[in-house]
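Engineer: Turn this into a structure:
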Amino acid sequence: MAAGTHRYKIGDIEVTVLSDGFRMVPVDGNYLVNASAADLAKALAAAGLATDKMKNTYSPIVLATGGKRVLFDTGNGEAAAAQSNNERGTLNANLAAAGIDRNKIDVVVISHFHADHVNGLLMADNSRAFPNAEILVPENEWKFWMDDGEMSRASKGRMTELFANNRRVFDALGRKVTPYAWDKEVVPGVTAVGTPGHSIGHTSFVVASGGKTVFVQSDICNNIAVFAPHPDWQGFFDQDPPKASATRRKVYDMLVADKLPVQAYHFPYPALGRVEKDGAGYRVSLMNSL
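Structural biologist: This next block holds a predicted model:
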């Protein structure tokens, strides 16, 4: 397997973890809304990491289930690859390296409408990156971002930029999507779970087959060294920060109690781990297979 591809099995379901690269994020007072840059640096140092910048990684996955190839989230997109000298936006290259033809992706499931999850729906020329795929989107997320009234009330900055970007992406697709509901099976063996806070319709997934289960957490924890040991810290990127941290505790308490492994979008590649309680927070042990 190429460096940006990794495979394991959940029962009869094959999982291919694909790297969409990374972004270096500055350690400053803007990252957390309820903790300081010094607090952030201390948490990174405790994890043995650099304290001036953080590596934010992106790991979409493809499931082979029910005779279909299903991509979960699409990364930063081909345009980002050109702009970043292939630091990020590498999903399509790694799909090819894994022997997966993007034209043969049957379904794309989107967890939420942040740019690093939806921009990869398009090629650099705004054509469809997955021309033969049905695009599934969370119904709550779709309703919010496509509501002109919500857009008119959006606060200037990140929210107005997200509205503009989401309209750009989904208008280029002719808004041809299929909304899905929480607590329903979206594809064989995969149930959508509402985990709001990071965004209004943020969704995670339970993947189950052959007596094995993995929780696909999307963006419940955006940095393993920051939000696992300090689950009540809130990121600038959270639409509803208090709800995001409450969701994190609720889900991580469940993962600990049920001993469920977790596949994450932003953990260090290949982004599979187990959550354990650690004092007032949690610790994540990374692994390569179940």
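Engineer: can you pull out the strands in the stretch 101-250 of the chain?
Structural biologist: 107-109, 134-138, 178-180, 185-187, 190-194, 203-209, 212-218 (DSSP state E, counting those that start in this stretch).
Engineer: Can you list the strands that the fourth one pairs with?
Structural biologist: Within its sheet, strand 185-187 is paired with strand 190-194 (antiparallel), according to DSSP bridges.
Engineer: buried sites along the strand it pairs with?
Structural biologist: 190, 192-193 (16 or more other CB atoms under 10 Å). No exception for glycine: its C-beta is placed from N, CA and C like everyone else's.
Engineer: again, but for stretch 46-57
Structural biologist: Result for stretch 46-57 [16+ other CB under 10 Å]: buried residues 49, 54, 57.
Engineer: Between the two ends of it, what distance do you get?
Structural biologist: 20 Å (CA to CA, to the nearest Å).
Engineer: Mind listing residues that contact that stretch?
Structural biologist: For stretch 46-57, the surrounding residues in contact (CB atoms under 8 Å, 6 or more residues apart in numbering) are 19, 21-27, 31, 41, 44-45, 222-226, 229, 266-269, 271.
Engineer: In helices, which of those fall?
Structural biologist: 41, 44-45 (DSSP state H).
Engineer: From these, list the buried ones, please.
Structural biologist: So, by 16+ other CB under 10 Å, the buried ones in these are 41, 44.
Engineer: rewinding a little: out of the buried residues of stretch 46-57, which comes closest to residue 156?
Structural biologist: residue 54 (26.0 Å; CB to CB).
Engineer: For whatever helix or strand that closest one lives in, enumerate its sheet partners and note whether each is parallel or antiparallel.
Structural biologist: Applying DSSP states H and E as the criterion places residue 54 in strand 53-57. Paired neighbours of strand 53-57 in the sheet (DSSP bridges): strand 22-26 (antiparallel).
Engineer: Give me the distance between the partner strand and the centre of its chain.
Structural biologist: Offset of strand 22-26 from its chain centre (CA atoms, centre = their mean, to the nearest Å): 16 Å.
Engineer: Now do that strand: everything it contacts.
Structural biologist: Outside strand 22-26, the residues touching it (CB under 8 Å, 6+ apart) are 31, 52-58, 84, 87-88.
Engineer: do the same with stretch 258-268
Structural biologist: Outside stretch 258-268, the residues touching it (CB under 8 Å, 6+ apart) are 15, 17, 55-61, 73, 111, 117, 207, 213-224, 254-255, 271-275, 284, 286-287, 290.
Engineer: before we move on, back to that, now flag whichever of the ones in helices among the contacts of stretch 46-57 is closest to residue 247.
Structural biologist: Of the ones in helices among the contacts of stretch 46-57, the one sitting nearest to residue 247 (CB to CB) turns out to be residue 44, at 23.1 Å.
Engineer: ok, residue 170 - how many residues close by?
Structural biologist: Residue 170 has 22 neighbours, counted by other CB atoms under 10 Å.
Engineer: Sorry, slip of the keys, the one I care about is residue 26.
Structural biologist: Neighbour count for residue 26, taken as other CB under 10 Å: 11.
Engineer: Tell me the bridge partners for it.
Structural biologist: residue 53.
Engineer: hang on, isn't residue 198 packed against residue 239?
Structural biologist: Yes: between residue 198 and residue 239 there is a contact under CB atoms under 8 Å: 6.6 Å.
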